[in-house]
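S.K.: I'd like to go over a predicted model; first the sequence, then the structure.
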Amino acid sequence: MDGPIEQWILRQGPKAVNYARTLIGDRDAAQDIVQESFCSLLRHRERYDLRRDGDKLLFTAVTNRCRNWVRRRRRQVSLESGPDSLEALGLADRRLEDPLARAAANELSAEIDAILASLPEKQRAAMHLGASGWEAREIGEILGVSANHAAVLLHRARKAIAAAPEPHLIEARE
């Protein structure tokens, strides 16, 4: 593997895994999705200018693979429909299962996670990409929507986060 490609993978890999984990909530699956995305891009690198468009192509591939992963999980869960359905979808609150993890978790961080998890998928993706420094035009390209729609997704996500209850602040005032 040549140097610039390897450096690109090392630089963007952790960011892409965090992004995928934001979308699907499963760390192992997120790592698999990012690895598959890198492999696909590298396998077809003669089609692309990875130096110019690699980041956008990577995040677009990760977004699409995450959407497919969620669809497959929903189909699988709807067939099973057992009591473990929430866990299979990754919707069960893992912090409540482990008392040590719950005790160690930062209260504010848990609230932010819950708020982000409650956002629709595209808003959550847009918010994560925006927080990572992508512009609305680039977010639109990655998510397959117009730049204006990407800006609307960011606005709605920020509005939902701002409107979320703030119990930690209420308790501090009392």
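M.R.: Structure received.
S.K.: what ranges of the chain fall below the confidence cut-off?
M.R.: Flagging of the chain using pLDDT under 70 yields the residue ranges 1-2, 76-110, 165-174.
S.K.: mind running it again at 90?
M.R.: Scanning the chain with the threshold set as pLDDT under 90 gives 1-6, 22-27, 44-45, 48-54, 67-68, 70-119, 121, 127-128, 130-134, 158-174.
S.K.: ramachandran angles for Asp26?
M.R.: Its backbone dihedrals place Asp26 at phi -120, psi 110, with angles given as degrees, to the nearest 10.
S.K.: Ala147 and Leu153 touch, don't they?
M.R.: No - if you go by CB atoms under 8 Å, Ala147 and Leu153 don't touch, sitting 10.6 Å apart. The C-beta positions use only the backbone N, C-alpha and C, and glycine is treated the same way.
S.K.: overlap in contacts, the two.
M.R.: Here Ala147 and Leu153 have Ile139 as joint contacts, going by CB atoms under 8 Å, 6 or more residues apart in numbering.
S.K.: the two - which one has more neighbours?
M.R.: Leu153 (25 against 14; other CB atoms under 10 Å).
S.K.: helices or strands up against whichever strand or helix holds Arg52?
M.R.: Element membership for Arg52, per DSSP states H and E: helix 50-80. Using 3 or more CB pairs under 8 Å, 6 or more residues apart in numbering; DSSP states H and E, the elements in contact with helix 50-80 are helix 3-24, helix 27-43, helix 85-89, helix 121-131, helix 136-143.
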